[in-house]
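Student: Structure here, sequence nowhere to be found:
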Ligand SMILES: [Zn+2]
């Protein structure tokens, strides 16, 4: 296997590694994933406008400042929320295929970063079979399917409870409609949070798996060191952790929206497991 096509090959093989270069974060894939997950928020908002907002008028008007006297409004609202949910959900099959595509893009990005780091540090690349990878990806995909589908279901469930309570308080139609529309940023923001968090978690898990798989047992905590990074993570900067002994909130990437990364403590080349490729 004498490939000589890598342009950044830093000279001959070294047993003692150079300091590892910084691993990049899959930021462009993350931005696209945010747009994909946010489409589920857009669908549920459209469905609320189409089914729920018109149903708010049942038994309500702007000069009626007391709770309605019969329960027609409740039946109408319940039906409207059911219709909205049916309109907002898409088939799991279509979501699953796109989720898997994003997962494999993060995996390819992570593998490239990992091998570039090894090559820069040792002057050679190291390969080893990754038997657990398939299972790790399937778990991530299933979890993402569940989370994306929970964007419309969780939002509609909360909204229904709040609208029912507001009607019972005697809110006017105008204030009910304004209230419903004021909640539209909830599913949008939650979709963004899910997307960013899940890309970071997958990238972090892949990094951990790849490092351990070739026999790297420790890493130094590295953060982005900007104003958004948590104080506890800034305080960890440069500290060494063992892969089999995570900090209380998990390895880099595991805490919600954590963008920190694990800089491997590289042993001598002799001490790694895998096939050396010049
Ligand atoms: Zn962090």
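Tutor: The structure has been received and is ready for your questions. None of these values were measured; they are calculated from a predicted model.
Student: Surely residue 201 is in a helix?
Tutor: Yes: checked against DSSP: H, G, I helix; E, B strand; the rest coil, residue 201 lies within a helix.
Student: Got the phi and psi for the spatially closest residue to it that is not a sequence neighbour?
Tutor: Spatially, and ignoring its direct neighbours in sequence, residue 201 is nearest to residue 253 (5.7 Å; Cβ to Cβ, 6 or more residues apart in numbering). The C-beta positions use only the backbone N, C-alpha and C, and glycine is treated the same way. Dihedral pair for residue 253: phi 90, psi -20, per degrees, to the nearest 10.
Student: what's the answer for residue 242, then?
Tutor: phi -90, psi 140.
Student: That one is in contact with residue 220, isn't it?
Tutor: No: with contact defined as Cβ atoms under 8 Å, residue 242 does not count as touching residue 220 (11.4 Å).
Student: surely the residue nearest to residue 201 meets residue 260?
Tutor: Yes: counting by Cβ under 8 Å, residue 253 touches residue 260, with 6.8 Å between them.
Student: Can you give the distance from the longest helix belonging to the chain to the centre of its chain?
Tutor: For the chain, the longest helix by residue count, based on DSSP state H, is helix 133-168. Computed by Cα atoms, centre = their mean, to the nearest Å, the chain-centroid distance of helix 133-168 equals 14 Å.
Student: Does anything pack onto it? Which helices or strands?
Tutor: Judged by 3 or more Cβ pairs under 8 Å, 6 or more residues apart in numbering; DSSP states H and E, helix 133-168 is in contact with helix 27-47, helix 72-88, helix 92-122, helix 173-182, helix 185-213.
Student: would you list those helices in a markdown table and tack on mean neighbour count?
Tutor: Shown next, in a markdown table, are the helices and strands packed on helix 133-168 (neighbours: other Cβ atoms under 10 Å):
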| stretch | mean neighbour count |
| --- | --- |
| helix 27-47 | 18 |
| helix 72-88 | 17 |
| helix 92-122 | 17 |
| helix 173-182 | 15 |
| helix 185-213 | 21 |
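Student: how many neighbours does residue 55 have?
Tutor: Residues near residue 55, counting by other Cβ atoms under 10 Å, number 21.
Student: From residue 160, how far off is the residue nearest to it when sequence neighbours are not counted?
Tutor: In this structure, residue 55 finds its nearest non-sequential neighbour in residue 80, 3.6 Å apart by Cβ to Cβ, 6+ apart. Taking Cβ to Cβ, to the nearest Å as the measure, residue 80 falls 9 Å from residue 160.
Student: Where does the stretch 51-200 of the chain get nearest to the ion, residue-wise?
Tutor: Closest residue of the stretch 51-200 of the chain to the ion, Cβ to the ion: residue 200 (8.7 Å).
Student: does the closest residue to the ion within the stretch 1-150 of the chain sit in a helix, a strand or a coil?
Tutor: For the stretch 1-150 of the chain, the residue closest to the ion is residue 25, as judged by Cβ to the ion, at 11.1 Å. Using three-state DSSP, the structure places residue 25 in coil.
Student: now it, nearest residue through space, not along the chain?
Tutor: That would be residue 259: by Cβ to Cβ, 6+ apart, it lies 6.0 Å from residue 25.
Student: per-residue confidence at the one you found?
Tutor: According to the prediction, residue 259 has pLDDT 91.
Student: I'd like to know how many residues surround it.
Tutor: What residue 259 shows, counting by other Cβ under 10 Å, is a neighbour count of 20.
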